[in-house]
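> Predicted model and sequence below, questions to follow.
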Amino acid sequence: MVRRLAKPMAVAVAAALLVSACAESANTADASTDEETSVTILQADIGMGLIKEAGANNTEFLGATQATLVRKPYVESGQDGVFEQDPFTYEGYLAESYEVSDDGLVYTFHLSDAVSAAGNELTADDVLWSFELKFGADTSTAPGAMSPVITDPATQFTKIDDKTVSITIASPGLGTTLLSMLADALAFVYDSTEMQANVSADDPYAIAWAQENPNYGFGPYEITDWEVGSYARFEARDNWILGTPEVDVVNVQVVPDAGSRASTIRAGDADIVEGLSPTDAADLASVDTLIVPTVSSPNTSQVLSLVTNKAPFDNLLVRQAMSRAIPFEDIISNVYQDRAVRTGSGIVFTNTPGYDAAGLPEYEYDPETARALLAEAGYPDGLSFTLTVSAADAESQATAVQIQTAARPAGFDVQIETVPGADFHTGRYAKIWQALLSVQAPWALTPIYTLNLLTGVDSQNNMSDWEDPEFYEALAASAEVIDQSSAEAGAAWNVAETRLLEEVPFIQIAQVQPGIAISERIAGYAWRTDNTVDYAHLSINE
Amino acid sequence: MTTATTPPTAAPATRRRLPGSASMVPVVAPLVLLLLVAALGPLLAPYSPIDVVAAPDQPPSTQHWFGTDIYGLDVFSRVIAATRNDLVVGLVAALLATVIGVGVGLFTGTNESRGGVPGSVARGVTRGLDLFDALPQIVVGLVLLAFFGRNLLTLSVVCGLLMVPTQARVVRTEVLRVRREAYLESARLSGESERGLLLRHMLPNSTWPALENASYIFGVAVTVAAGLGFLGVGLPPPTPEWGAMIADGATAASAGRWWSSLFPCLALAVTVIAFSNLAHQYLRRR
């Protein structure tokens, strides 16, 4: 819908004027204060929720102002000027270090002397309060997202002393996922002293207060000025635990139209633009002065969910036929301009340590086989179904058109239905449609998380409404393996993934590259699993 | 005497008619062309308008005269195919708005000065039409389509309903004028019933403006349908419809890929201008 509402030409002119004005302002600052460095970033209008638990939030803003116990380190990617998070390694951040008990069930974190933007030193109470908030606030998504690793912080979290916290998990195989979650936005640690001073009867966790007072975190920046839907200004903190960031000021401007954002950075009037369409990203990749990151295993993927609680996809043969009616390669080249990859049909990331792909079923476009499967399922003349997509998701609409064309010779008459973004979110969780296209981007890339993400029992995210005891049994057995990077673990996950692929509750179509472009003036861009820009890792090229 | 007067009057009459017919050519020709394209669309389109036939965003070429859109659909074939859909919307909307508008206009025009229930209802309907007309058509269209669903029929009906107040107001105004005409009073004095007055005198004498206005309604309905399509609430994709095509190509146009939105824009403009011109010509001649 956003794309359709855009009036690109007018917006382009407005955006260019706006950004030019800001760029001038930044340059003026550079001239007047030799040491101040600034970066201008253009974002889509993704909202400015300033606390994760408020529901809608801007994860990038939170990443700049908040911090986690551990983090995933950055490593150089195969592309010059681009770093990548290593999603399977964890290092201390607010915790100086951590240790794991011999049975793999207890993780003990030793806290650093980090100081919040409000001036309070980090304590164990901050960790406990933060997780009490995450599991107590009505608007928090943490309870669902962190299950089954963290289900009850009150019993799992223990304050050893002011600077030591331990977390106990139910199964040793959940350990790597625990660390991964603790490194992501769901696990920001808040300044409990500051927040508790601002609670009220109507706002017991100070969430409403935090929306208006964003500088209560331990992150590298504080927000000094902002206007919802328009701009935000971040200034580096001198007392951040990892040192002062190299970029002093980050100016974020909201430019709703993707084409206008692309035009602006092409003209040299922005340093980083986010939320580019694949076509614009592919275009900008050919510009010498820009970097368009291509990472080895992107975590954003497009998924076709086949809702199994109603015809026709309550029939396994029909689902299997559908898996042969998707033009994977056409979608990658036509919709994503080759800025997407397909590393097999599985959903476990193939770069996971110990990954085992032996014997996994592969989905390939094969309309004849699809037609034969449909006939076997009782549909010799083919069948018609409705594929629902969000009007706010241009790539899913384009993918739907590709599927519609390619699935026709396979015997599927695909009727495309676009619904407004809000209705799409409601409907997909209610599982009311026959099939739908959505975009998934798991932050934690461990096998248990990715396999559980769209299949959980009674989970809203289980959009296919597929609950299979045999799969869950394999999943539980895999989680019992202590060393999750071992071949033993890989083999165990393979059993669960094989079952999933045989049952075809959903089809992962492709992994999509980040839609971002960076000026050559900027160094240190690092791709993260939350697909946000880490301002603290940026620097200015001489 | 009679033989002497007939020939001189015939020739000037012919000469007067010829320039008039010639002046109608620019008015009628685009309409004929549009109707032909709508009727023969499937024969004229080189590709299926709903199937991916090439890589997306290909510029105009000998293979794809108008290029391909963001999906890889042939823009020329879709512009052709959309003609039928958009004209159907315009036609159904104009018919519906005119039929309902005439009925409502007759009712309100003949009853609103009366007392009792009919008068109250007529005045209420008139105020209701004013209120309905004051609401933005696109917003009302969004609500109605959300309620009735999205297909060619509902889109046409919704566009027609949006135009009813315009037609009803035209007819009501005309009825108020006709009611004061002497021939109506004569008919009433000669014993004509109220029903007879309505059907034999008011209806034929007060509906012509609405019929002439129908071509204007046609153009507006096509524009509204395109507007709804632009907002993504028109016909489901990839059904060819000019408004949706313009929206699909809008972002690409800002990045220099102008072709997928330009051609449906032109088709829409030609259609609206053609039908508006027809209405203008009718009004001018009256």
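In hand now; what should we look at? Residues are numbered from 1 along each chain as shown, chains lettered A, B, ... in the order given.

> contacts, neighbours, all on C-alpha from now
OK.

> Tell me the residues on the stretch 1-150 of chain B that lie near chain A, please.
Within the stretch 1-150 of chain B, the positions lying close to chain A (C-alpha under 8 Å from any C-alpha of the partner chain) are B:50-52, B:55-56, B:70-72.

> Could you pick out the residues of the stretch 201-350 of chain A near chain B for me?
Among all residues of the stretch 201-350 of chain A, those adjacent to chain B (criterion: C-alpha under 8 Å from any C-alpha) are A:257-260, A:262-263, A:280, A:334-335.

> For those, give me JSON lines that also has distance to B:Phe76, secondary structure and pLDDT.
JSON lines is the format used below for those (distance: C-alpha to C-alpha, whole Å; DSSP: H, G, I helix; E, B strand; the rest coil; pLDDT from 0 to 100):
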{"residue": "A:Asp257", "distance to B:Phe76": "26", "secondary structure": "coil", "pLDDT": "85"}
{"residue": "A:Ala258", "distance to B:Phe76": "26", "secondary structure": "helix", "pLDDT": "85"}
{"residue": "A:Gly259", "distance to B:Phe76": "24", "secondary structure": "helix", "pLDDT": "82"}
{"residue": "A:Ser260", "distance to B:Phe76": "27", "secondary structure": "helix", "pLDDT": "87"}
{"residue": "A:Ala262", "distance to B:Phe76": "27", "secondary structure": "helix", "pLDDT": "92"}
{"residue": "A:Ser263", "distance to B:Phe76": "27", "secondary structure": "helix", "pLDDT": "90"}
{"residue": "A:Asp280", "distance to B:Phe76": "24", "secondary structure": "helix", "pLDDT": "89"}
{"residue": "A:Asn334", "distance to B:Phe76": "19", "secondary structure": "helix", "pLDDT": "93"}
{"residue": "A:Val335", "distance to B:Phe76": "20", "secondary structure": "helix", "pLDDT": "94"}
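
> Turn the residues you listed into TSV, including neighbour count.
Converted to TSV, those look like this (neighbours: other C-alpha atoms under 10 Å in any protein chain shown):
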residue	neighbour count
A:Asp257	26
A:Ala258	29
A:Gly259	27
A:Ser260	27
A:Ala262	27
A:Ser263	22
A:Asp280	22
A:Asn334	24
A:Val335	28
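
> what residue ranges in the chain score low on pLDDT?
Going with chain A. Under the criterion of pLDDT under 70, the regions of chain A flagged as low confidence span A:1-34, A:46, A:48, A:55.

> sorry, should have said chain B
Within chain B, the ranges that satisfy pLDDT under 70 run B:1-22, B:282-286.

> tell me, what residue is most central in it?
Compute the mean C-alpha point of chain B, and by C-alpha atoms, centre = their mean the closest residue is B:Phe218, 0.5 Å away.

> and that residue, what element?
helix B:208-230 (DSSP states H and E).

> mind putting the residues of the stretch 201-350 of chain A next to chain B in CSV, distance to A:Thr455 included?
Rendered in CSV, the data for these read as follows (distance: C-alpha to C-alpha, whole Å):
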residue, distance to A:Thr455
A:Asp257, 34
A:Ala258, 33
A:Gly259, 36
A:Ser260, 38
A:Ala262, 37
A:Ser263, 40
A:Asp280, 34
A:Asn334, 29
A:Val335, 27
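
> thinking again about what came up before, quick check: the residue nearest to the centre of chain B vs chain A, distance?
Separation of B:Phe218 from chain A (C-alpha to the nearest C-alpha, to the nearest Å): 24 Å.

> coming back round to it: buried sites along the helix holding B:Phe218?
When neighbours are counted by 16 or more other C-alpha atoms under 10 Å in any protein chain shown, the buried residues of helix B:208-230 are found to be B:209-230.

> looking at this, B:Arg150 is in a helix?
No - when DSSP: H, G, I helix; E, B strand; the rest coil is applied, B:Arg150 is found to be coil, with no helix at that position.

> tell me the contacts of it?
B:233-236 (C-alpha atoms under 8 Å, 6 or more residues apart in numbering or on different chains).

> Near chain A, list only the ones from these.
Among the contacts of B:Arg150, the residues within reach of chain A (C-alpha under 8 Å from any C-alpha) are B:Pro236.

> Looking at the contacts of B:Arg150, which is nearest A:Ala236?
Ranked by distance to A:Ala236 (C-alpha to C-alpha), those are led by B:Val233 at 44.6 Å.

> Now for that closest one, how many residues are close by?
A count of nearby residues for B:Val233, using other C-alpha atoms under 10 Å in any protein chain shown, gives 28.

> Over to the one 3 residues further on?
The tally of other residues near B:Pro236 (other C-alpha under 10 Å) stands at 19.

> again with A:Glu542
Counted with other C-alpha under 10 Å, residues neighbouring A:Glu542 total 6.

> For my notes, confirm it occurs in a helix.
No - according to three-state DSSP, the state of A:Glu542 is coil, so it is not within a helix.

> Excluding chain neighbours, what is closest to it?
Counting by C-alpha to C-alpha, 6 or more residues apart in numbering or on different chains, A:Glu542 lies nearest to A:Arg521, which is 7.7 Å off, once chain neighbours are set aside.

> all strands for chain B, in order.
Assigned by DSSP state E, the strands in chain B number zero.

> So which of the contacts of B:Arg150 is the closest to A:Ser384?
When those are compared against A:Ser384 (criterion: C-alpha to C-alpha), the nearest one is B:Pro236, at 15.2 Å.

> So the closest one versus B:Leu73, what's the distance?
The spacing between B:Pro236 and B:Leu73, counted by C-alpha to C-alpha, to the nearest Å, is 15 Å.

> A:Glu246 now?
48 Å.

> Can you report how many residues neighbour B:Pro56?
Burial of B:Pro56, expressed as a neighbour count using other C-alpha under 10 Å, amounts to 21.

> now it, nearest residue through space, not along the chain?
Leaving aside its sequence neighbours, B:Pro56 is closest to B:Gly72 (3.7 Å, by C-alpha to C-alpha, 6+ apart).

> wait, the one you found sits on B:Asp57?
Yes - under the criterion of C-alpha atoms under 8 Å, B:Gly72 is in contact with B:Asp57, at a separation of 6.6 Å.

> ok, the residue nearest to B:Pro56 - how many residues close by?
Counted with other C-alpha under 10 Å, the burial measure for B:Gly72 works out to 22 neighbours.

> May I have the residues that are in contact with it?
B:Gly72 sits in contact with A:334, B:52-58, where contact means C-alpha under 8 Å, 6+ apart.
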